[in-house]
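Colleague: generate coordinates for the sequence data below:
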Amino acid sequence: MAKKAQEPLRVGLFVGREWSWPPAFIEEVNRRQDGVVAEYVKIGGTMMDDPCPYRVIIDRISHEVPYYRSYLKNAVLQGVKVINDPFMWSADDKFFDASLATKLGVVSPKTLVLPNKDYVPGIIHDESLRNLKYPLDWNYLVEQIGGMPCVLKDAHGGGWKEVYIVYSIAELIWRYNQSGLRTMILQEYIQWDNYARCYCLGGSDVHVMKYKPGKDGQGHYHDDHDFPPELYDRLVRDSTTLCQAVGYDMNAVEFAIKDGVPYVIEYMNPAPDMDVNSLGRKNFDWMVTHMADMAVRLAKSNERTIDRYVWARLLKGKKSAGSSRGAK
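Modeller: Presented below is the predicted three-dimensional model:
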C-alpha cells in the first residue's frame, strides 16, 4: 500500500489593502516546495475553542479589524505561532516602551504620558476623575522632558500620524486640545544628524537602513547606509534587545542618531511598512526572502505563542470541558 503523503504545514496571512508584499511572500514560500505552504486566511464567524488549521499566522491588519484580533487570540490558545503576539500588541504603548528601553539600557528620549483630553460618555469630570490634578502644570511638564521644542504624539499611533513637533506652550496646549480620546505622550526632541530604521525578524535577524522620516509615513529609505561599524553593531544589538523584550517577531525600530548616540524613537511597529514603492526594491526583496525564511523555520519548529503565558502551564494535560458541541 502506498504511503500517504504528509500534509504540508500551513502559514496563514492576514492583510489589508497592501498589494506588493503579500503575494510576493506567498509566492516565495510556495516556490521553495519545502513542506510549507502560505495562503490568505479566510474566516467568517469563529466558535469558542475552534481548532486552527495553521501552524503560523502572520498578522498585518488586526489593529484595524477587531474580529481578526479575537480570532488570533483563539489561535494562540490552539498552539499557533502568531506573528505578532496579539496579547502583547493589544497591551503595548509607547510610554511603556520608552520606560522599558531605559531599564534595558537602550537610550530613549525623556518621555511622559499625559491625561486624556476627552473621555467616553458616562465620565463625569468632577466625579469620575478625582485622581487627576487639574489644571495641568504645562511649564513643569515641559521642563521634565528638556524644554522646547518637544514632541507630542499618540501613545498608540503608527505611521507618523498624530506626531507634532511643538515650539511653544501655547502651541502644545492647542495640539493637546485637539487630541480627543487619544492618549498622548510628551517627548524630548532629539535634533538628529542621522536616522536609522531597523527591521527585526524573529528577534535576531536585523536589516539596518538609513531613513529620513516624513509626515504620515512618507519617509525615504536609502538602499545603503553610512553608519560606521561600531554604530551599526549598536543598532543591531539595541534592535534585538528591544524586540526580544516585547516578543515581536516582525517589527521596525527607529533611531534618531545624535553625536553618534542612537536614541530609540519608536519600536511599536508590529505591522511595519513592506510596500515596494516606499522600501525600494533592495529593501523589499530582503523583507520578502527573510520573512519567508522565518515563516518556514517557525512552521517546522515547536515554537508557540501560548508558551509565553502562565495559562499555558495550566492547560497542560487538560481537555476542553466547557464546550456543549455534540452534547446530548
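Colleague: ok, now which ones touch residue 88?
Modeller: Taking C-beta atoms under 8 Å, 6 or more residues apart in numbering, we find residue 88 in contact with 246, 247, 248. Bear in mind the C-beta positions are built from the backbone N, C-alpha and C, glycine included.
Colleague: report the central residue of this protein.
Modeller: In the chain, the C-alpha closest to the average C-alpha coordinate belongs to residue 270, at a distance of 2.0 Å (C-alpha atoms, centre = their mean).
Colleague: where's that one relative to residue 314, distance?
Modeller: Taking C-beta to C-beta, to the nearest Å as the measure, residue 270 and residue 314 are separated by 27 Å.
Colleague: if we can go back for a sec, quick one: which of the contacts of residue 88 is most hemmed in?
Modeller: Each of the contacts of residue 88 was scored by neighbour count (other C-beta atoms under 10 Å); the top score is that of residue 248, with 26 neighbours.
Colleague: ok, the residue lying closest to that residue once chain neighbours are set aside - contacts?
Modeller: Leaving out its chain neighbours, the residue that sits closest to residue 248 by C-beta to C-beta, 6 or more residues apart in numbering is residue 84, at 4.9 Å. With contacts defined as C-beta under 8 Å, 6+ apart, the neighbours of residue 84 are 59, 247, 248, 249, 250, 251, 270, 271.
Colleague: now, which of those residues sits nearest residue 235?
Modeller: residue 251 (13.6 Å; C-beta to C-beta).
Colleague: that closest one should be in a strand, yeah?
Modeller: Yes: applying DSSP: H, G, I helix; E, B strand; the rest coil, one finds residue 251 inside a strand.
Colleague: what ranges do the helices span in the stretch 51-200 of the chain?
Modeller: For the stretch 51-200 of the chain, the helices defined by DSSP state H, counting those that start in this stretch occupy 66-77, 86-91, 94-103, 125-128, 138-144, 169-177.
Colleague: check which helices and strands the fifth one sits against.
Modeller: So the one you mean is helix 138-144. Other elements packing on helix 138-144 under the criterion 3 or more C-beta pairs under 8 Å, 6 or more residues apart in numbering; DSSP states H and E are helix 169-177.
Colleague: and the helix it packs on, what's buried?
Modeller: When neighbours are counted by 16 or more other C-beta atoms under 10 Å, the buried residues of helix 169-177 are found to be 172, 175, 176.
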